[in-house]
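Visitor: Here's my sequence, what's the structure:
(chains A and B)
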Amino acid sequence: MRSTASALVVAVGLQFGSTQPVASQTPLDHRELAADQQVIHALNRLTFGAKPGDAERVREIGIDAWVDLQLHPDRIPDGDIERFLSRYSVLKADQNELLRAYSGAQRERREARELGDTVERQRRRNAPGAMQDAATSRRAVITQVQSARVARAVAGNRQLQEVMTDFWMNHFSVFAQKGPPQPYYLIEYERDVIRPNSLGKFRDLLGAVAASPAMLFYLDNARSMGDTSRPRLATVNRRRARALPGEQLARLRQGGLNENYGRELLELHTLGVDGGYTQQDVIDVARALTGWTIRSPATGGGFVFRPEMHDAGEKTVLGRKLRGGRGIEDGQEVLDILARHSSTARYIARKLAIRFVSDSPPQALVDRAAQVFLRTDGDIREVVRAIVTSNEFYSTAAYRSKVKSPFEVVVSALRAMNAVPDETPRTAQAIALLGQPIYGHQAPNGYPETGEAWMNAGAILNRINFGIAAASSRIPGADVDAIPSFAALKNAPREKQVDAVASLLLGGSISPETRAVLISGENPLLTRSDEGTMGRRKAQLTGIAQVVGLALGSPEFQRR
Amino acid sequence: MERRAFVKSGALALVTLGISPGFLRRTAFGAELVRAPKGKILICLFQRGAADALNMIVPHSEKAYYSMRPSIAIPRPTGSGRSVSVDAAIDLDGFFGLHPSLAPFKPLYDRGMLAPVHAVGSPSATRSHFDAQDYMESGTPDIKGTTDGWLNRYLAVKGTCDECRVSPFRAVALTPQTPRIMEGANEVVAMNNLDQFTVRTSGSQAERLEALYRTGSADLVHGTGAEMFEAVKMLKAADPRQYRPRNGAEYPRSQFGQRLLQIAQLVKADVGMEIAFADVGGWDTHVNQGSVNGQLAGRLTDFSASIAALVTDLGDRMSDVVILTMSEFGRMARENGSRGTDHGHAGALFVIGGDVKGGKVHGRWPGLEREQLYEGRDLALTTDFRSVFAEVTSRHLGAASTSKIFPGYAGIASDWLGLV
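Guide: Residues are numbered from 1 along each chain as shown, chains lettered A, B, ... in the order given. Model prediction:
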C-alpha cells in the first residue's frame, strides 16, 4: 500500500512540471483511483482537509452519498460552529447600524483622505479620540469577519459550502482597505450575498453581488452616473436637492460615468477577458448600471436605484439593444445576458475545474461542465456535481496534484490536528503571513487558483515555519498532545509514530525518502548549528511533535 | 527506489542524498557564500494600478491639459530658484514639470541621473489592469500564451558571471509571491522581509526539513524548497541585520520604503544580486484623485522619498545600478465625474542611475489636442516600453541579444532613446 502511494506521489510530481494537460483529452471510462484513495481525494478537494475520523465516516456513508450530502449543506447540522461563532458580535449585527454609529468619524476620515494618506496618518498619530476609536472598531470588524471565516473552515461541518464560499469570495474579490465603509460592508457580503448563494443559481449570486454595497463601493459603481451628454431618467427633486450638501449636488448635476465595475463585471465576473466583448460594451454596461448605488447610513443604508443618476439613453450590449427610457431593468437585463452567456459558462466551468481537479483540467471535462451550466440555467450545485463526480476528478493525474493555497495549508493543518477554532486573530494572521490575507487582495482578480503562483522560496520557508509553530503549540487551538490517536504513541517506536502522523496529516501518501527522514532520530554525528537565526525564538521539538513539525513542513503536505 | 537529481535548470548544486548516517552533515550540501563580482544591477519598481502619468510629469504648457482637468490639474510652475511654489509643478524644461510631491527627484534630474520618459507604454489597446500588467511583465503585448516574465528570460540570456556559480539571490523580489515579471524556468527568490528569511527551529530539525526537499521526486515543490534552503544559508552568512543606511539616507516607514531599504541591504551585502523587484499599489485613482494634495500626491510622496533614499544610500554604487519604474498604462486625459481618472493608454516612467543620460525628458511628445489623443481620450503612445527595457538590459546589464527577452519585438537599437 505504501509503495503504491509513493509511486503515485512521484508520478504526479513529475507530471506537474510539464505543460501537458494532466489527463488525456478523451474522457476516462472509469475511476482510476482505488476506493481508499477516492476517499482521501474527495476529502482533500471538497473539504479543507480531513479531520481524524473523517475518512472512516465517508467510507461508512459511501463516497457518492457523502458527496451528495456535501452538495446540500442545509441537510448537514452545524450547531457547534454556530454556537462558537456567536461570540463574534458583528456577524449578527445590522451593518447599517454599525455604519451609522461610525458615520461622524467617517466624514472626518473622508475629508482627511482627500488631503492625502500621509496627512491623514499624521492626524491620526497626533489626535487620538474619535478617529482613533473609529479606526479600532473598523479593525475589530475586519478581525471578527476574518476569524469567523477561519473558524468555519476549521470546524464547520458544511465543508463544501465553505470551500465554495472561499471560491466565490475570491471570484468576486473585494478589498477591506478600499476605504472607510468597506469593512462594514463585508459583514453582509459574506453572510447574505456569497455564502447562501454559493451552491445556488449563478444569476442570483451575480445579482446579489451587483446590488451589494461591498461591490458597489469596491468597484466604484456607487459613484457612476450618466454623462451630461446623455439624458437622465429623472431630475434631482427639490427635497433631495435640499438634503444634499452643495458639493454633492453639483457633482450629481455634472455627472460622469465610471467604467470600473462595468469592465470587471465582463472581464472577471462573467465572460472572461477573451469572452468576446468590446470597449463599447464596457461603456454601455457601465451606462446600464448607472443609478445602482448605496443609500447613506443615515437614511437606511443598503442598495438603492437612483433614477436621477441613471443614463436613460439607448444602449447596446453584446449586440442586444436596450431601449431608452428604462431604469433599473437596464442593469437587470445586462446581468441576465451575462449570466446566461456561453462565454460565462465556459469561464466559470474552467475556473471550478481548476479549483477541484487540476491546474490544467482536461478540456473534455470543462466542456461538459459548461454544458451543464447552460442546461441548468447556471445551477452551481449541478456544475460542481458534474465536476466532482467525474472520472477525471477521480484520476491518478488529479490525485494530490494541487498545491495548497496558504489558507488551505493552515486550515488543513489545524483540521488534521483536530484543533478547536482559534478565538484569537492569530490563525488569520498566520494565513496573512503566508501571503493570503483574508479580504486583503487589492486587485479585483482575486488570489491565484494555480500552484505556480504560490511556490517560491520565501513562501515555502513561511510554510515550513508555520508547521514548526503549529507543532510546538504556538497556534491557539492546535495541540499535538490533544490528538486522540497520539496518546497511546508517546513511548512507541519512532516508526510507529511516523506512520501514525503520515496517516493523519498526509492521508498515508508519504514517499520512502520523506518517511526515512521523519524516522531519523537525533543524530550524534550531527554538527549542531544552534547559533542565533536572526534573534528569533526557535522551537526545540521532541518526540511525536517533532515528527508532526517535519510532516507539516514536508513537500507532501503542500499538496492536496 | 532510484534517486533523482533535481532537474530544475542548474543554478544550484542540487546534490542527490543517500539516506546514510552522514546524510545530515552540513558538508554534504554546505553553504558557501558566493561573492559575485560587483556587477551591474537592475532594480525594477512597478506602480500597480496605472499611475496617472499626466499628473506625475505635467505638460504645463499644454492648454488642453488644464481644460480637461478642471479640478485635478497641477498648476503651472510659478517663481524660480528658491521661491518655487510648493503648490505647483516643479519646472524641468519650460514645457514639463514634476508633480510637487516628486520634489526629491528634482536634484537627481539636475545631476543628470534621472531620465523621465513620457508617452511610453504598451502598444496593446487593452485598458484592463490585469491584461496590461500581464503584458508589461511578460514583455509580449497582446500575447497571453507567454508563460514566463521578461526578467526571468533575461536571466537565461546573460549572467553577471557566466563561469562562476550563480547566486540564489541573483534575482530577488521583495513581494509575498513571485511576480509575473520574474516567473519562469530560472531561479528567483521572493520574500516579504529579509529578517523572516530563516527556518525557525533547531539546526538539526532544520537540516532534516532540508533533507525532505533534497530527496524524492523532482517537482515544483521539492525544487523550490531546495532553493530556499540554499538561499537561507547565504543570507545568514551575509548578516544583513548589521545594516545601517549610509549618507544620511532616510527611508519612509512605508512598506515600499522598507522594501527599498532591504534592496539596498542586498546590494551592499554582495550576495550576487543582479535583478531586484518591488511593487507599490494605490495608483488606481478613479475617485477623488486630488491635485497638488490628495490621494495621488500621497502616493507620489512615498514613491519619490523611498527612491531618493535608495539612491542616497547606495551613493557611489549607483554607478552600477539602474532603477527602472513602470506602470501598466496611463490614465484618461480628461478627469471623470468622480474627480478621478479612468483607465487610459500611454504612461510615463523613470530611469535613474549613475550612467543614465538624465536631465532631459525623453520620448516624443504627442500633444493633448483632441485629434492628438488616442481614441480621442488618452495620451497617445510614442515609445514602446520594450524599447526602454531592451535598451536597459542591453546597454546597462550587457545582454548580448534582446530578441530572446522580447520575442516578436521588431524594434531596433538605432531607435532606442539613448537613456544609458
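
Visitor: CA atoms for contacts and neighbours, from now on please.
Guide: Noted.

Visitor: in the stretch 251-400 of chain A, which spans are strands?
Guide: A:292-294, A:303-305, A:315-317, A:320-322 (DSSP state E, counting those that start in this stretch).

Visitor: Compare the ones you listed and give me the one nearest B:R244.
Guide: Judged by C-alpha to C-alpha, the one of those that comes nearest to B:R244 is strand A:292-294, at 49.6 Å.

Visitor: taking the strands of the stretch 251-400 of chain A together, which one is wrapped up most tightly?
Guide: Across the strands of the stretch 251-400 of chain A, averaging neighbours per residue (mean count of other C-alpha atoms under 10 Å in any protein chain shown) puts strand A:292-294 on top, at a mean of 25.

Visitor: Tell me the strands beside that strand, with direction?
Guide: Next to strand A:292-294 in the sheet, as set by DSSP bridges, lie strand A:303-305 (antiparallel).

Visitor: circling back: may I see the strands of the stretch 251-400 of chain A arranged in JSON lines, with distance to A:S511 as well?
Guide: Converted to JSON lines, those look like this (distance: least, C-alpha to C-alpha, whole Å):
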{"stretch": "strand A:292-294", "distance to A:S511": "55"}
{"stretch": "strand A:303-305", "distance to A:S511": "54"}
{"stretch": "strand A:315-317", "distance to A:S511": "55"}
{"stretch": "strand A:320-322", "distance to A:S511": "57"}
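
Visitor: and of these, who's closest to A:F167?
Guide: That would be strand A:303-305 among the strands of the stretch 251-400 of chain A, by C-alpha to C-alpha, at 24.1 Å.

Visitor: what ranges of the chain fall below the confidence cut-off?
Guide: In the absence of a named chain, chain A is used. Applying pLDDT under 70 to chain A picks out residues A:1-27, A:104-136, A:247, A:521-540.

Visitor: switch to chain B, that's the one I care about
Guide: Using pLDDT under 70, chain B drops low at B:1-38, B:79-84, B:158-165.

Visitor: Which residue would you name as the spatial centre of it?
Guide: In chain B, the C-alpha nearest the mean C-alpha coordinate belongs to B:C44, at 1.7 Å (C-alpha atoms, centre = their mean).

Visitor: does it really touch B:I323, like I thought?
Guide: Yes: look at B:C44 against B:I323 with C-alpha atoms under 8 Å: they come within range, at 5.9 Å.

Visitor: residues in contact with residue 206?
Guide: Defaulting to chain A. Contact analysis of A:L206 by C-alpha atoms under 8 Å, 6 or more residues apart in numbering or on different chains lists A:L335, A:A339.

Visitor: right idea, wrong chain: chain B
Guide: Counting by C-alpha under 8 Å, 6+ apart, B:A206 has contacts B:V199, B:R200.

Visitor: related to what we said a few turns ago, the residue nearest to the centre of chain B falls within a helix, correct?
Guide: No: B:C44: not assigned to a helix; according to DSSP: H, G, I helix; E, B strand; the rest coil it is strand.

Visitor: can you pull the contacts of it?
Guide: B:I275, B:A276, B:F277, B:A278, B:I323, B:L324, B:T325, B:M326.

Visitor: if we look at stretch A:82-99, which residues are touching it?
Guide: A:141, A:144-145, A:148, A:151, A:181, A:184-185, A:187-188, A:191, A:297, A:300-302.

Visitor: Looking at the stretch 301-450 of chain A, what residue ends up closest to chain B?
Guide: A:G435 (5.4 Å; C-alpha to the nearest C-alpha).

Visitor: what kind of secondary structure is that residue in?
Guide: coil.

Visitor: Tell me the secondary structure at the nearest residue to it once chain neighbours are set aside.
Guide: Here the nearest residue to A:G435 in space, its sequence neighbours aside, is B:P176; by C-alpha to C-alpha, 6 or more residues apart in numbering or on different chains that works out to 5.4 Å. Classification of B:P176 by three-state DSSP places it in coil.
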